[in-house]
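>>> sharing a sequence plus its predicted fold:
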Amino acid sequence: MSSLVNRAVTVTFVASLAACTTVPRTAIKDTSKTFTTVVVDAGHGGKDNGAYRRYGPPEKIVALDVAQRLERNLRESQLKTVMTRSSDVFIPLNDRVAIENSQKKAIFVSIHFNDSRRRGIHGFETYYHSGTSAELANRIQSKLMTIPHSMNRGVHTANFRVLRLAYYPAVLVECGFLSNRSEGNQARDAEYRELLSERIAEAIVEQRYGPGVYHASPQVAAAQPQPASAGSEPTPPAVHH
Ligand SMILES: [Zn+2]
């Protein structure tokens, strides 16, 4: 092939790429800085257990618990929330997307735990599909990385249906591997699940309102050791489920 032809092919290719970017491929609304509602999606449920391993409870149970804690933490930060499920029921993926897409100015955050045949694999992963979701995904991942001994498995794009069909920014968070002894055991611990939800909530509030706005809920404050001279504020009772 002559260099002239080569160049012509290149130009055509670049031109078609440019055309792609100007065509609205879907009606994704960039509400990543303006959202008022967070659709919290607990992965799996009902007949769909999700990951089911010896070291932890079924994924559907721990994902629901983290999602409910996340919802409470977001409400305390004055964000509206919608749960795709609040109990151990099966919700088809399309219904989850429909719940999100019927909101005004929303984002979608799906909570999952991971699974691997190789028990040594551990760490957090966050997934997104549209570019408008990238910042939120990165923010959630970096907040999770502030948890002691956490392992960063990265932020990735994925073609998951709940992400691909979303009209709004949408992310899916993998909160550790139930197939790993350490992370599976942590997933059994309510205080650890609260910590996960706190970090995700903090990332979401920061995404919307900027840093320094989020305040940890009393549940986490109570879980941390308080200095003896902590002042006159009474420590709220810890909530155990
Ligand atoms: Zn899952």
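Here it is on my side, so go on.
>>> doesn't residue 39 belong to a helix?
No - using DSSP: H, G, I helix; E, B strand; the rest coil, the assignment for residue 39 is strand, not a helix.
>>> okay, it: pLDDT?
Listed pLDDT for residue 39 reads 98.
>>> neighbours around it, how many?
Residue 39 has 27 neighbouring residues, counting by other Cβ atoms under 10 Å. Every residue, glycine included, has its C-beta placed from N, CA and C.
>>> my guess is it contacts residue 105. True?
No - with contacts counted by Cβ atoms under 8 Å, residue 39 stays clear of residue 105, the gap being 11.1 Å.
>>> overlap in contacts, those two.
By Cβ atoms under 8 Å, 6 or more residues apart in numbering, residue 39 and residue 105 have no common neighbours.
>>> where do the helices sit along the chain?
Ranges of helices in the chain, per DSSP state H, are 3-22, 59-76, 93-101, 134-144, 161-164, 181-187, 190-209, 218-223.
>>> ok, what's across the strand from the residue in the chain positioned nearest to the ion?
For the chain, the residue closest to the ion is residue 112, as judged by Cβ to the ion, at 3.5 Å. For residue 112, the beta-bridge partners are residue 174 (DSSP bridges).
>>> spatially central residue for this structure, please.
Nearest to the geometric centre of the chain sits residue 173, at 3.5 Å (Cα atoms, centre = their mean).
>>> show me what contacts residue 215?
Contacts of residue 215 by Cβ under 8 Å, 6+ apart are residue 77.
>>> let's see that with 10 Å instead.
73, 76-77, 202, 205, 221 (Cβ atoms under 10 Å, 6 or more residues apart in numbering).
>>> please apply the same query to residue 166.
Counted by Cβ under 10 Å, 6+ apart, residue 166 has contacts 26, 28-29, 39, 96-97, 100-101, 106-108, 110, 128-130, 132-133, 160.
>>> quick one, which of the contacts of residue 215 are buried?
With burial judged by 16 or more other Cβ atoms under 10 Å, the buried subset of these is 73, 76-77, 202, 205.
>>> returning to that earlier point: can you pull the contacts of the residue of the chain closest to the ion?
41-44, 50-51, 59-60, 62-63, 66-67, 125, 127, 160, 172-176.
>>> what do you get for residue 33?
132, 135-136, 169, 207-210.
>>> give me that answer again for 8 Å
207-208.
>>> please apply the same query to the one 10 residues further on.
Contacts of residue 43 were listed using Cβ under 8 Å, 6+ apart, and they are 50, 59-60, 63, 110-113, 172.
>>> repeat that with 10 Å
With Cβ under 10 Å, 6+ apart, residue 43 has these contacts: 50-51, 59-60, 62-64, 66-67, 84-85, 91, 93, 96, 110-113, 162, 172-175.
>>> and residue 117, by the same measure?
With Cβ under 10 Å, 6+ apart, residue 117 has these contacts: residue 179.
>>> change the start of the numbering to 39 and stick with it
All right, first residue 39 from here; so that's residue 155.
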